[in-house]
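1. sequence-free structure coming up:
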């Protein structure tokens, strides 16, 4: 699998990254449970494969995701050579506090769960859900603390991972991030992050594009999983999905393959983050990445309308 440099950090990441939020067991978000054994088997399938990067977060499953990753790393006798762990600083989930002290405590919690002494890629996560953005962006705040962690060697690369583009862009402009994560905002259904990706690339920020399946519907199908960006979807909202499904069906191409490669083929995107929660999804992702897709299908998909609105504007956020 192709590897791409992560800025000037010395790190290289494969063009696919596996996301681990579902492995923390988050039924309020995904609509299904993931037990410990299933998560364990999935993690070992990832470590056994060609992908070299995992994306986690302090608050995925209220810490369960990192705990399960750490357990799998210990079972293997340590992190495999060349493997990259990406995780995130998170607010206090009870109070919403996200000051420098909370940022420091967040990384300490992550290091303990993962059993590591440093994180290769460390992001500040979801500032839009914190109680006070000033605690994050102000002098001596969480962002100052994030960059201090890089200076101390606790992180090799630092980034910003969040949702709303209108809130994300000003922060990206003000800080020398190595990397960013945007989710659900550059897919076959939505292009909200398009201009932001142009600006980030011009600044030399490495782009990770997460959730190419719009939280699952473009992988599992509208009949099986009628949810878009973590919410039950109306018939009207599902209509664009069904147009994509019909277009792919005419060419005999799985929708998941087209959705994944839509992100992978964009030269601005270094790695596409794909959430998986069972071992067979790991192999399916690799198969979809290798599927040959005719140019005629890309032309038809390009002719379909795509939203540029925030896809999570009406989301009822639940962290579990």
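-> That came in fine, so what should we check first? In this text the structure is predicted, and so the values were computed from the model without any measurement.
2. what's the distance between the residue nearest to residue 189 when sequence neighbours are not counted and residue 88?
-> Beyond its immediate neighbours in the sequence, the residue positioned closest to residue 189 (C-beta to C-beta, 6 or more residues apart in numbering) is residue 214, lying 5.2 Å away. (Each C-beta comes from the backbone N, C-alpha and C, glycine too.) Using C-beta to C-beta, to the nearest Å, residue 214 is found at 21 Å from residue 88.
3. coming back round to it: so the residue nearest to residue 189 makes contact with residue 184?
-> Yes. In this structure, residue 214 is within contact of residue 184 by C-beta atoms under 8 Å, at 6.1 Å.
4. any common contacting residues for these two?
-> 190, 229, 311 (C-beta atoms under 8 Å, 6 or more residues apart in numbering).
5. which residues does residue 248 contact?
-> 254, 255, 258, 297, 301.
6. roughly how far apart are the spatially most distant residue from the centre of the chain and residue 212?
-> Distance from the centre of the chain peaks at residue 250, with 30.1 Å (C-alpha atoms, centre = their mean). Separation of residue 250 from residue 212 (C-beta to C-beta): 21 Å.
7. swap in residue 127?
-> Residue 127 is 23 Å from residue 212, by C-beta to C-beta.
8. can you check residue 232 too?
-> For residue 232, the distance to residue 212 - C-beta to C-beta - is 20 Å.
9. more neighbours, those two?
-> Applying other C-beta atoms under 10 Å to residue 232 and residue 212 shows that residue 212 carries more neighbours, namely 27 against 10.
10. How confident was the prediction at the spatially closest residue to the more buried one that is not a sequence neighbour?
-> Leaving out its chain neighbours, the residue that sits closest to residue 212 by C-beta to C-beta, 6+ apart is residue 263, at 4.5 Å. With respect to pLDDT, residue 263 scores 98.
11. Residue 263: what's it in contact with?
-> Neighbours of residue 263 in contact, by C-beta under 8 Å, 6+ apart: 186, 187, 209, 212, 269, 272.
12. What of residue 320?
-> Per C-beta under 8 Å, 6+ apart, neighbours of residue 320: 26, 27, 28, 29, 61, 62.
13. part of a strand, is the fifth one?
-> To tie it back to what came earlier, the one meant is residue 61. No. Using DSSP: H, G, I helix; E, B strand; the rest coil, the assignment for residue 61 is helix, not a strand.
14. my guess is it contacts residue 28, does it?
-> No. Residue 61 lies out of contact with residue 28 (C-beta under 8 Å); the separation is 10.5 Å.
15. okay, the two: which has more neighbours?
-> residue 61 (24 against 11).
16. Which pLDDT value belongs to the more buried one?
-> On the pLDDT scale, residue 61 gets 95.
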